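*Asks:* sequence? don't have it. structure:
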RNA sequence: AGGACUAUAGCUCAGUUGGUUAGAGCGCUACCUUGACAUGGUAGAGGUCCCCAGUUCGAAUCUGGGUAGUCCUACCA
């Protein structure tokens, strides 16, 4: 074995081996366990947040696969309608071509080409992360099978009246030229103005002043509203005002939506360009005047003077024109929430168009019930509230998008605007007995990507066919996801799956935190603060990292900011840590919190952990390879105290890990393993094995017993650790397993260790604690007295009981070796002890004679420190036990425990004081 | 505006139903190339558990209020 662990050498090798041998496919078994991957965008790439999520899923999958479940991890990607179309359009733009130049068919061909070209990025990343996905079943939302499922669902929902088409105000993206759903609109506070305009009353005698943040919409005003109880305006309700610049007259209406306190208490109403106004317009039967076109420029229904102007240009002109007319009352600075498209970043316009909707209210009912009655459980449970809050106030879901890339809506129109929904034009004609003379044209729009993602758990398994896979693997066991897509995806999956399968899509939703950058920001492509997990695995120099992170940034200002942050955060680039270290870091951070702040210091530590594991195995192999490790079960062997202890601890760790995984606490699981491997197996057990293995006088039985334990415990914890660190465990296991009497082509299909409670040995645990106590006591004296570690000491023991004596006799060789002693002598109570430095283990006094070794002053100082600590603690205990209400009210065993503690402390203090006296008397 | 979450060592985080001397890693200090590992070993230093009040024999933990931060939902033209 190499002296240090070199991850790069082994990772790709093992992954190829596993994949080519088909180990990732379901292996059979009575009980199924399945996870459907949240499909990443096919043309995107994974960042640290994805890496985190994949690591968790892989751990769950590997764990259950080893535990004997029939395990499926379904892999696939989605087509990300808007994002993908944008990327391809931008590429064409660079060549001066628009998608309209190409035409729909040619354009879609280009998108497919791009998908083929870029789709490999994600799958490559997934492989490097060690994800044990069943690649033979890879799916894509635009595949034929999944497209059929989408069509089937659309047609059925339409026929059931749960999908409808309607002219509504939608969130319109004037750059992407499509409607988007509420969830795709991000509203953030921005600095703007509040313009106050005077609208003259028809018939003279004054005006009303209205305020607006979007002056250009005044061209489409249908009314001015005031509060019905507003005395200032009550007498004007029903009268008309002149709408400047348009030559129109509009009524003054009363509606209690108006806030009397805000502005002047008069609101201009633009039903075609504002969601609230739209509702009010409906209540009052106001006309809808659309003054914009698809680009959000002023449309042909507006006054000619503004026709064709961009909305912001028009805004300026309208303000200027009103000013010229003396109707601009004032302009105030104003902070307002500006809605922007999450993809394009441009200001979204409420815009009147024909769109398709899903009646979400109806579908939500059973979806709410499924979580209420526990058919689906969220972990952590608090997320159920988020889910309920949204579901109980759900809005109809706008599912049509004015894009070319996506599932085209299976609806046809005749010249009279009748709608026919079906799987093809032919089918529609047949169903409705339409004559060939009637011309039909298909709806130009496609469906929201989330519409197809909502079917993911069952469409990937072959639905609408009743496949064997559906029967076995659906519902899936758990959905692993971030809380940011509970609404987008989780809720919609639950609704669709319940409706079409009459069963839940998954039993559990495990909601993990979101990975943040050093400033606590969520990682996202558009912010440019993403980190590629592969860069932590392989490492990357600063310059390539900077150019990678700033590549493709639209705004130079943002690019400069990212560059600066990158240079500050990673002045020397990023070192290569390997996949196992990265994964272990993820697990250690996977607690119940919402935020995961990735810390480079931690991955560094876990890289060292990998090296520790590697070297522990190296030590074991050096001592076991070619030796008798007890593979032959008929040969006798003796087990040392340490052997019994480490086997006992192993059982406890096994049940800890099982408990942690069952509750999705990978942070606790990883910590338990870390502590066991490093602090118990390496620090103590390996050290305790040396006195046996290196002792020429030790019996063959003892050596056999220790080697047997050494190798078997190692082999077991490798399996225990494998779901978290797949590569290093596999590499080591291959050489270790045969010596432990195990065989098999791979660790990943070996049984997962299960605790054997009968092997828990509390006597051994107690004896080892004693041994550790004595060793640490001596080391402590050595450390504080500056006695060189190599200097062998003579130690005397005093005042102990029979148990101490037994432990000493049985473990003297271990004690001598680990505490570097040349002699240990038991003093009878009658014997006079020499002046010595002292440590206490219970009643037992450990004496290190001072002659020539120990500086009196230093020892006194050490004792004083100890004494002070004890006195402080004792005071606290005395206070507690002196309090009669504590004695009366606290449970008896708690009181008893405190009493024992106090007694022990008192005795210890007593001994320290005697010791101090003795030293002073020299 | 409503709601949720977070606040523990210099940094990143644990702390299970209230009962510890409040823990881990990194970082820091001192010593050590002892035959697995200097990516290491040994021994240390370091905390007003955000603040205030309450419940309790006992609060990092429960309740109320406040402060700071993050997020979600809905929004006033």
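*Replies:* Received the coordinates, thanks. Because the structure is a prediction, the values reported are computed rather than measured.

*Asks:* ends of stretch A:669-679, how far apart?
*Replies:* 15 Å (CA to CA, to the nearest Å).

*Asks:* buried ones in it?
*Replies:* A:669, A:670, A:672, A:673, A:674, A:676, A:677 (16 or more other CB atoms under 10 Å). Where you see a C-beta, it was placed from the backbone N, CA and C, and this is true even at glycine.

*Asks:* and the residue nearest to residue A:121 when sequence neighbours are not counted, what are its phi and psi?
*Replies:* Excluding the flanking residues, the one nearest residue A:121 by CB to CB, 6 or more residues apart in numbering is residue A:45, at 4.8 Å. Residue A:45 adopts backbone torsions of phi -150, psi 160, taken as degrees, to the nearest 10.

*Asks:* Next one, pLDDT for residue A:45 please.
*Replies:* pLDDT recorded at residue A:45 is 88.

*Asks:* got a list of what it touches?
*Replies:* By CB atoms under 8 Å, 6 or more residues apart in numbering, the contact set of residue A:45 is A:121, A:122, A:125, A:532.

*Asks:* count of neighbours near the second one?
*Replies:* Which is residue A:122. Using other CB atoms under 10 Å, residue A:122 is surrounded by 20 other residues.

*Asks:* Quick check, it in contact with residue A:47.
*Replies:* No - in this structure residue A:122 lies outside contact range of residue A:47 using CB atoms under 8 Å: 11.0 Å.

*Asks:* For the longest helix along chain A, list every residue counted as buried.
*Replies:* What stands out as the longest helix in chain A, according to DSSP state H, is helix A:892-921. Within helix A:892-921, the residues scored as buried using 16+ other CB under 10 Å are A:895, A:898, A:902, A:904, A:905, A:908, A:909, A:911, A:912, A:915, A:916, A:919.

*Asks:* Throw the residues you listed into TSV and include distance to RNA strand B, thanks.
*Replies:* TSV is the format used below for the buried residues of helix A:892-921 (distance: CB to the nearest atom of the strand, whole Å):
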residue	distance to RNA strand B
A:895	8
A:898	8
A:902	10
A:904	9
A:905	8
A:908	10
A:909	13
A:911	15
A:912	14
A:915	17
A:916	18
A:919	19
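
*Asks:* Now do the contacts for residue A:201.
*Replies:* Residue A:201 touches A:207, A:208, A:236, A:239, A:240, A:241, A:242, counting by CB under 8 Å, 6+ apart.

*Asks:* hmm, try it at 7 Å
*Replies:* A:207, A:208, A:239, A:241 (CB atoms under 7 Å, 6 or more residues apart in numbering).

*Asks:* And the residue nearest to residue A:121, how far from residue A:131?
*Replies:* In this view, residue A:45 and residue A:131 are 15 Å apart by CB to CB, to the nearest Å.

*Asks:* Repeat that for residue A:340.
*Replies:* Counting by CB to CB - residue A:340 and residue A:131 are separated by 34 Å.

*Asks:* So these two - more neighbours on which side?
*Replies:* Between residue A:340 and residue A:131, counted using other CB under 10 Å, the more crowded position is residue A:131 (23 against 18).

*Asks:* Is that one in contact with residue A:56, as I believe?
*Replies:* No - Residue A:131 is beyond contact range of residue A:56, at 10.6 Å (criterion: CB atoms under 7 Å).

*Asks:* ok, back up a step: filter the contacts of residue A:45 down to just the ones in helices.
*Replies:* A:121, A:122, A:125.

*Asks:* would you turn these into a markdown table with pLDDT?
*Replies:* Output for these, formatted as a markdown table (pLDDT from 0 to 100):
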| residue | pLDDT |
| --- | --- |
| A:121 | 92 |
| A:122 | 93 |
| A:125 | 95 |
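
*Asks:* got a list of what the nearest residue to residue A:119 once chain neighbours are set aside touches?
*Replies:* The shortest distance from residue A:119 to any non-neighbouring residue, by CB to CB, 6+ apart, is to residue A:42 (5.0 Å). Counting by CB under 7 Å, 6+ apart, residue A:42 makes contact with A:77, A:78, A:79, A:80, A:115, A:119, A:140.

*Asks:* Repeat the analysis, applying 8 Å as the threshold.
*Replies:* Going by CB under 8 Å, 6+ apart, residue A:42 touches A:77, A:78, A:79, A:80, A:84, A:115, A:118, A:119, A:122, A:140.

*Asks:* Wait, the third one touches residue A:139, no?
*Replies:* No - contact status for residue A:79 versus residue A:139: not in contact, 11.3 Å apart, counting by CB under 8 Å.

*Asks:* Those two: who's more crowded?
*Replies:* Between residue A:79 and residue A:139, counting by other CB under 10 Å, residue A:79 is the more crowded of the two (27 against 21).

*Asks:* Residues of the stretch 451-600 of chain A that sit close to RNA strand B?
*Replies:* Counting by CB under 7 Å from any atom of the strand, the residues of the stretch 451-600 of chain A close to RNA strand B are A:484, A:487, A:516, A:520-522, A:588-589, A:591-597, A:599.

*Asks:* Buried residues in stretch A:301-321, which are they?
*Replies:* In stretch A:301-321, counting by 16+ other CB under 10 Å, buried: A:302, A:306, A:309, A:311, A:314, A:315, A:317, A:318, A:319, A:321.

*Asks:* okay, now residue A:278: neighbour count?
*Replies:* 20.

*Asks:* same thing with the one 10 residues further on?
*Replies:* Residue A:288 is surrounded by 17 other residues when neighbours are defined as other CB under 10 Å.

*Asks:* for it, helix, strand, or coil?
*Replies:* coil (DSSP: H, G, I helix; E, B strand; the rest coil).

*Asks:* hang on, it packs against residue A:271?
*Replies:* Yes - under the criterion of CB under 8 Å, residue A:288 makes contact with residue A:271 at 5.0 Å.
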